[in-house]
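**Q** Pasting the sequence and the predicted coordinates here, then a few questions.
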Amino acid sequence: MNDSKVIVALDFSSIDETEVFLKKIKGQNCKVKVGKELFTNEGPNIVKLIQQYGFETFLDLKFHDIPNTVSRAIKASCNLGVWMVNVHASGGGQMMLAAREAVESSSHKPLLIAVTILTSFDNSSYQELGFKNKLQEQIAYLALMSEKSGMDGIVCSANDVPSIKPLVREKFQFITPGIRVANSDDDQKRVATPENAISNGSNYLVIGRPITLSDDPATMIDKINLSIN
Ligand code: C5P
């Protein structure tokens with residue numbers, strides 16, 4: 001087990017492409033994340049491959065369904081031996097409690113995290129959803145509901161951490177995507193640098209394209225680890 005706060009998002013389409021990348025970062029101090037594209041294409045074999053390379057896996061399938069279905073999906077995730085799994089907090093308290101029970105009844109117990117509001121939303125795209133709370137209020141509301149419903153932490157923007165951290169217990173974990181090492185212009189709207197994310201109180205940084213599209217991903221991981229240690 002390594003102690004890095006960096007989770008590399010393996011947003012690849014196939015096991016072959018992923019293995020080319022894993023070879024480049026083998027032995028690096030980081031964890032990795034498998035999302036919907038890779039898991040839909042390759043299934044549980046991808047988790048086995050990652051385990052062979054010695055990395056811990058965050059299975060980022062963001063479950064959001066009726067409590068029974070989510071409970072069964074979480075149970076299946078636990079059986080894969082992953083390090084972290086997640087659900088959408090907006091699936092509700094009953095759904096999150098069912099997910100917690102599924103973890104507790106499994107012999108392998110990954111960290112169980114809830115997504116608040118995706119970091120690709122800004123104020124104007126969020127308003128289109130028609131929620132009555134403002135974006136920041138809704139994030140805090142979902143964070144508190146997640147804590148009450150037995151989650152180990154939440155996924156949110158690093159910029160949201162300082163306002164939420166004082167509201168929750170000390171060990172509540174903050175997993176923050178939307179990390180950018182230099183000025184960038186893409187679909188992520190609520191972004192932060194690795195240094196800012198850590199000083200804001202993030203526990204883990206989810207970083208995709210800044211590492212996966214880099215010419216030398218291993219060196220990029222080293223640099224990011226150094227910048228936040
Ligand atoms: O390439 P980039 O650094 O934007 O990758 C971010 C990763 O984090 C993607 O895999 C995306 O699915 C994930 N993610 C996110 N926002 C969330 C939860 C997960 O961007 N709220």
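**A** Great, that's in hand.
**Q** Just the element for residue 175, please.
**A** strand 173-176 (DSSP states H and E).
**Q** Which elements pack onto the helix or strand just after that strand?
**A** Going down the chain from strand 173-176, the next helix or strand is helix 194-199, by DSSP H and E. Counting by 3 or more CB pairs under 8 Å, 6 or more residues apart in numbering; DSSP states H and E, the packing neighbours recorded for helix 194-199 are strand 204-207, helix 217-228. (C-beta placed from N, C-alpha, C; glycine too.)
**Q** For residue 57, which non-adjacent residue is spatially closest?
**A** Spatial nearest neighbour of residue 57, chain neighbours left out: residue 82 (4.5 Å); criterion: CB to CB, 6 or more residues apart in numbering.
**Q** what kind of secondary structure is the one you found in?
**A** coil (DSSP: H, G, I helix; E, B strand; the rest coil).
**Q** okay, now residue 123: neighbour count?
**A** Other residues within reach of residue 123, judged by other CB atoms under 10 Å, total 11.
**Q** Determine which stretch of the helices and strands packed on helix 194-199 is the most buried.
**A** Mean neighbour counts were compared across those using mean count of other CB atoms under 10 Å; the top stretch is strand 204-207, at a mean of 24.
**Q** May I have that one exported as PDB, CA atoms only?
**A** Output of strand 204-207 as PDB, limited to C-alpha atoms (Å, rounded to 0.1, in the frame of the first residue of the first chain):
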ATOM      1  CA  TYR A 204      -7.100  12.700  -2.400                       C
ATOM      2  CA  LEU A 205      -6.700  14.400  -5.800                       C
ATOM      3  CA  VAL A 206      -8.300  12.700  -8.800                       C
ATOM      4  CA  ILE A 207      -6.100  13.700 -11.800                       C
END
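**Q** avg pLDDT for that strand?
**A** Averaged across strand 204-207, pLDDT comes to 97.
**Q** Give me the packing partners of it, helices and strands only.
**A** By 3+ CB pairs under 8 Å, 6+ apart, strand 204-207 packs against strand 6-9, strand 173-176, helix 194-199, helix 217-228.
**Q** For the first one, what is the distance to the chain centroid?
**A** In this view, strand 6-9 has its centroid 8 Å away from the chain centroid, taken as CA atoms, centre = their mean, to the nearest Å.
**Q** do the same with the second one
**A** Between the mean C-alpha location of strand 173-176 and the chain-wide mean there is a distance of 7 Å, by CA atoms, centre = their mean.
**Q** do that strand and the ligand meet at all?
**A** No - counting by CB under 6 Å from any ligand atom, the ligand is not contacted by strand 173-176; separation bottoms out at 8.0 Å.
**Q** Take the helices and strands packed on strand 204-207 and lay them out in CSV including mean pLDDT.
**A** Below are these laid out as CSV (pLDDT from 0 to 100):
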stretch, mean pLDDT
strand 6-9, 98
strand 173-176, 97
helix 194-199, 96
helix 217-228, 95
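**Q** number of nearby residues for the residue in the chain that the ligand sits nearest to?
**A** Nearest residue of the chain to the ligand: residue 208, at 2.5 Å (CB to the nearest ligand atom). With neighbours defined by other CB under 10 Å, the count for residue 208 comes to 18.
**Q** Contacts only, for it.
**A** Residues in contact with residue 208 (CB atoms under 8 Å, 6 or more residues apart in numbering) are 8, 9, 11, 33, 177.
**Q** number of nearby residues for residue 214?
**A** Neighbours of residue 214 (other CB under 10 Å): 15.
**Q** looking at this structure, which residue ends up farthest from its center?
**A** Relative to the centre of the chain, the most outlying C-alpha is that of residue 132, 26.1 Å out, by CA atoms, centre = their mean.
**Q** Cool, thanks, signing off.
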